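S.K.: Here is my input; please provide its structure:
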Amino acid sequence: AESDPEAKPLVVAFEQALAGFGWVPGRNLTIDYRFTGGQAERIRVTARELVARSPDVILGAGGLGASLGGWLARAGHDVTLIFRRQAHVDAIRERGLIVTGIEEFAVPIHPTIQPADVKRADLLINCVKNRDTEAALRSAAHIEAGCVTSMQNSMIKDEQLAQFFDPGTIVGSACFTGGV
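M.R.: Okay, here's the model as predicted:
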């Protein structure tokens, strides 16, 4: 939660790093923090709020991307996940995407390893590892996206997105994940 003593230093460090690039919350930047405290109902509410933004495609469906896609699909949205390995696509087509953690569930989802299969997205969410960013974005640059964001922990991710997508469609975001 907002009062979580472990989250506060992360938020402070994040905002200080942004300030180093000239981005100051309340002046030229708005940050929408969402804390779930690991509570399933709060995660569902957050997923519903994200669905209201109509997420469509997640590029980089590893742990974070697949989990995000699973929760969004569970909330009723039609999600396409772009994977790197055909074996993942085959397993998901056979059994659905299986999400484990606070809750365990399986959801139908559209998996692919071919970014060319995707023509448009209301929202494209980039979740690839930083080292794979340029190649992944190049492979997805043809996607007509209404909004593009990245869940990477990188200070240059938005500039990287702007090399491949209309800067007017890019929305800055950050994601912190934790585990026990």
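
S.K.: quick one: the strands in this protein?
M.R.: 57-59, 80-82, 97-99, 105-107, 110-112, 120-126, 144-150 (DSSP state E).

S.K.: Present these as a markdown table; the columns should include distance to His88, mean neighbour count and mean pLDDT.
M.R.: For every residue, glycine as well, the C-beta is placed using N, CA and C. Formatted as a markdown table, the strands of the chain follow (distance: least, CB to CB, whole Å; neighbours: other CB atoms under 10 Å; pLDDT from 0 to 100):
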| stretch | distance to His88 | mean neighbour count | mean pLDDT |
| --- | --- | --- | --- |
| strand 57-59 | 13 | 27 | 85 |
| strand 80-82 | 9 | 26 | 92 |
| strand 97-99 | 9 | 19 | 92 |
| strand 105-107 | 14 | 16 | 90 |
| strand 110-112 | 7 | 20 | 90 |
| strand 120-126 | 17 | 22 | 88 |
| strand 144-150 | 21 | 20 | 89 |
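
S.K.: for this protein, which spans come out with low pLDDT?
M.R.: Low-confidence segments of the chain (pLDDT under 70): 1-3, 26-32, 50-55, 176-180.

S.K.: Please repeat the previous calculation with a cut-off of 80.
M.R.: The model of the chain has pLDDT under 80 over residues 1-7, 18, 21-40, 42-44, 46-56, 76-77, 153, 174-180.

S.K.: on that earlier part again, and the strands of the chain: which comes nearest Ser67?
M.R.: strand 97-99 (6.1 Å; CB to CB).

S.K.: Sheet partners, orientation included, of that closest one?
M.R.: Strand pairing for strand 97-99, using DSSP bridges, gives strand 105-107 (antiparallel).

S.K.: Gln86 and Thr112 touch, don't they?
M.R.: No. Counting by CB atoms under 8 Å, Gln86 sits too far from Thr112 to count as a contact (9.6 Å).

S.K.: How much space separates Gly96 from His110?
M.R.: 11 Å (CB to CB, to the nearest Å).

S.K.: about what we covered before: now distance to Thr46 too, for the strands of the chain, in a markdown table please.
M.R.: Below are the strands of the chain laid out as a markdown table (distance: least, CB to CB, whole Å):
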| stretch | distance to Thr46 |
| --- | --- |
| strand 57-59 | 16 |
| strand 80-82 | 19 |
| strand 97-99 | 14 |
| strand 105-107 | 16 |
| strand 110-112 | 22 |
| strand 120-126 | 14 |
| strand 144-150 | 15 |
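
S.K.: Quick check: which of these is nearest to Gly20?
M.R.: Among the strands of the chain, strand 144-150 comes nearest to Gly20, with 18.6 Å by CB to CB.

S.K.: Now do that closest one: everything it contacts.
M.R.: The contact list for strand 144-150 (CB atoms under 8 Å, 6 or more residues apart in numbering) reads 53-54, 57, 119-127, 157-158, 160-161, 165, 169-173.
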